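> With the input below, show me the fold.
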Amino acid sequence: MPDIASIAGSAGMIVNGYAFTNTDDGHVKVLNLNAPESALVLDHDGNVLETSMDDMEVGIVQEYYRNNKEFLETDHA
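Numbers count the residues shown, from 1 in each chain. Okay, here's the model as predicted:
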């Protein structure tokens, strides 16, 4: 079981319960904080590389990413 508080704290952004975290290799890890068994890895353009989500959830998360990725890429601190 992942440490949800740690993941949420280190996420670049959280949208509707999904934590988005940039990786060193340019990918984006996404974790559903309400159902941590649902995870996804996206490339920079939002294409799926790996997932344990169903197709409907993947589509929803891809839209969240594409609509908000500007906030993930920029440090707004």
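> how far is stretch 38-56 from where the chain is centred?
Remark: stretch 38-56 is offset 8 Å from the chain centroid, using Cα atoms, centre = their mean, to the nearest Å.
> buried set for it?
Residues of stretch 38-56 classed as buried by neighbour count (16 or more other Cβ atoms under 10 Å): 38-42, 48, 51, 53. All C-beta spots, glycine's among them, are computed from the backbone N, C-alpha and C.
> Span of it from start to end?
This stretch, stretch 38-56, spans 12 Å end to end (Cα to Cα, to the nearest Å).
> the helices in this structure, which residues?
Listed from the start of the chain, the chain has helices (DSSP state H) covering 4-10, 55-73.
> Gly26: which of those is closest?
helix 55-73 (10.8 Å; Cβ to Cβ).
> Tell me the helices and strands packed up against that closest one.
Packing contacts for helix 55-73, counted by 3 or more Cβ pairs under 8 Å, 6 or more residues apart in numbering; DSSP states H and E, involve strand 13-15, strand 18-22, strand 28-32, strand 39-42, strand 48-51.
> Tell me the spacing between the nearest residue to Leu49 once chain neighbours are set aside and Pro2.
Spatial nearest neighbour of Leu49, excluding adjacent residues (Cβ to Cβ, 6 or more residues apart in numbering): Val41 at 4.5 Å. Using Cβ to Cβ, to the nearest Å, Val41 is found at 14 Å from Pro2.
> likewise Gly26?
From Gly26 to Pro2 the distance is 22 Å (Cβ to Cβ).
> More neighbours: which of those two?
Counted by other Cβ atoms under 10 Å, Gly26 and Pro2 do not tie: Pro2 has more neighbours, with 12 against 8.
> For the more buried one, give me its contacts.
Pro2 is in contact with 31, 36, counting by Cβ atoms under 8 Å, 6 or more residues apart in numbering.
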